[in-house]
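Chemist: I would like the atomic coordinates for the input below:
(2 chains)
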Protein chains: 2
Amino acid sequence: MAAPQELLTDEEEVLTANRTFYVALHSLDLSLMSQLWLHEDWVKCLHPGWDLLVGWDEVRRSWQEIFHSTEQMLVSISRPLVHVTGDVAWISCLENITTAYQNSFSSAMVEATNIFQRRQGRWLMVHHHTTPLAQPPPEASASVQ
Amino acid sequence: MAAPQELLTDEEEVLTANRTFYVALHSLDLSLMSQLWLHEDWVKCLHPGWDLLVGWDEVRRSWQEIFHSTEQMLVSISRPLVHVTGDVAWISCLENITTAYQNSFSSAMVEATNIFQRRQGRWLMVHHHTTPLAQPPPEASASVQ
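Modeler: Below is the predicted model:
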């Protein structure tokens, strides 16, 4: 039986929110992605190869576009490093992404900074910044954590 | 005469700390850079083309190495977007960097996320995440803000 929610530390709660983000990404699930983000006009997102997006409307449209043009996305993350200060938390993690489009695949190792803010007891994403890395670091694992 | 420090808003204080970071970068000033960072083992830095660095010791060594191998660095930033929540704040800004090494120059437009934490009334950098952009966005200005 899973531990009750109230026994989780702040760090564990943020790691859970971070895992949910990658489940939404992996599942191409816009509804789950929408539930995870704070819907305000100052949240920000930098997808690999994109310019910075500002505000939930722009961020939502980008996920819609990405999920619409993607057939399948395999995402695993490794070495999530979490830091919590009051009602703000951020995670640094490595994303290992393989994406299937029509008749083609692409793979990328990406360094991500994900910032979360606690609102009414829920950790919501407010910032997602990604950097494609030139080569996968040798210590990166392929397992979802 | 400059306005007294106590009249600055939190946002203005964070923007000032952010400007100081770029003055340290532009001036290759390790002492100023050191004063600006929180010296703890969880602070993080992702330089363009590097892997993630964790902890002030690693971050400090990286600045020392960068400043040692650089003859001159011209840095201007544009469209700083600041968000403050309690004692944590973050800025998204575009960095326009031209670097001189021995007999060569390189230019890069970089999207940065800089996270600051307030300690004893001072905003200290705890996270610096950079992404080199493929092409300069047309709206980027060349002025330091």
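Chemist: so the host helix or strand of residue A:92 versus strand B:88-101, what angle?
Modeler: Using DSSP states H and E, residue A:92 sits within strand A:88-101. Angle between the axes of strand A:88-101 and strand B:88-101 is 60 degrees (criterion: axes from the mean of the first three to the mean of the last three CA atoms, to 10 degrees).
Chemist: sheet-wise, list the partners of strand A:88-101 with their directions.
Modeler: strand A:72-85 (antiparallel), strand A:104-119 (antiparallel) (DSSP bridges).
Chemist: next structured bit after the last one?
Modeler: On the C-terminal side of strand A:104-119, the closest following helix or strand by DSSP H and E is strand A:122-132.
Chemist: which residues touch the most centrally placed residue in chain A?
Modeler: Nearest residue to the geometric centre of chain A (CA atoms, centre = their mean): residue A:21, 4.4 Å. Applying CB atoms under 8 Å, 6 or more residues apart in numbering or on different chains, we find residue A:21 in contact with A:33, A:36, A:114, A:125, A:128. To be clear about C-beta, it is placed using only N, CA and C from the backbone, and glycine gets the same treatment.
Chemist: please repeat the previous calculation with a cut-off of 10 Å.
Modeler: If you count contacts by CB atoms under 10 Å, 6 or more residues apart in numbering or on different chains, residue A:21 has them with A:32-33, A:36-37, A:75, A:77, A:91, A:93, A:112, A:114, A:116, A:125, A:128.
Chemist: check residue A:67 too.
Modeler: By CB under 10 Å, 6+ apart, the contact list for residue A:67 reads A:24, A:25, A:27, A:28, A:29, A:30, A:33, A:73.
Chemist: do the same with residue A:73
Modeler: A:22, A:25, A:26, A:27, A:28, A:66, A:67, A:97, A:98, A:99, A:100 are the contacts of residue A:73 under CB under 10 Å, 6+ apart.
Chemist: please apply the same query to residue A:69.
Modeler: Shown in contact with residue A:69 (CB under 10 Å, 6+ apart): A:99, A:101, A:102.
Chemist: could you rerun that using 7 Å?
Modeler: By CB atoms under 7 Å, 6 or more residues apart in numbering or on different chains, the residues touching residue A:69 are residue A:101.
Chemist: for chain A, give me the ranges with low pLDDT.
Modeler: Applying pLDDT under 70 to chain A flags the ranges A:1-6, A:135-145.
Chemist: how about residue A:119: what's its closest non-neighbour residue?
Modeler: Nearest non-adjacent residue to residue A:119, counting by CB to CB, 6 or more residues apart in numbering or on different chains: residue A:38, 6.6 Å away.
Chemist: does stretch A:40-60 come close to chain B?
Modeler: Yes. For stretch A:40-60 and chain B, the contact criterion (CB under 7 Å from any CB of the partner chain) is met by A:42, A:44, A:46, A:49, A:51, A:52, A:54.
Chemist: tilt between the strand or helix carrying residue A:59 and strand A:88-101?
Modeler: Assigned by DSSP H and E, residue A:59 belongs to helix A:56-69. Orientation check (the same axes, to 10 degrees): helix A:56-69 against strand A:88-101 gives 30 degrees.
Chemist: how much does helix A:56-69 deviate in direction from strand A:122-132?
Modeler: 60 degrees.
Chemist: now do the buried residues in helix A:56-69.
Modeler: Residues of helix A:56-69 classed as buried: A:56, A:59, A:60, A:63, A:66, A:67 (neighbour count, 16 or more other CB atoms under 10 Å in any protein chain shown).
Chemist: from the chain's centroid, how far away is that helix?
Modeler: Put simply, helix A:56-69 sits 14 Å off its chain's centre (CA atoms, centre = their mean, to the nearest Å).
Chemist: and if you look at stretch A:39-46?
Modeler: Worked out by CA atoms, centre = their mean, stretch A:39-46 lies 13 Å from the chain centre.
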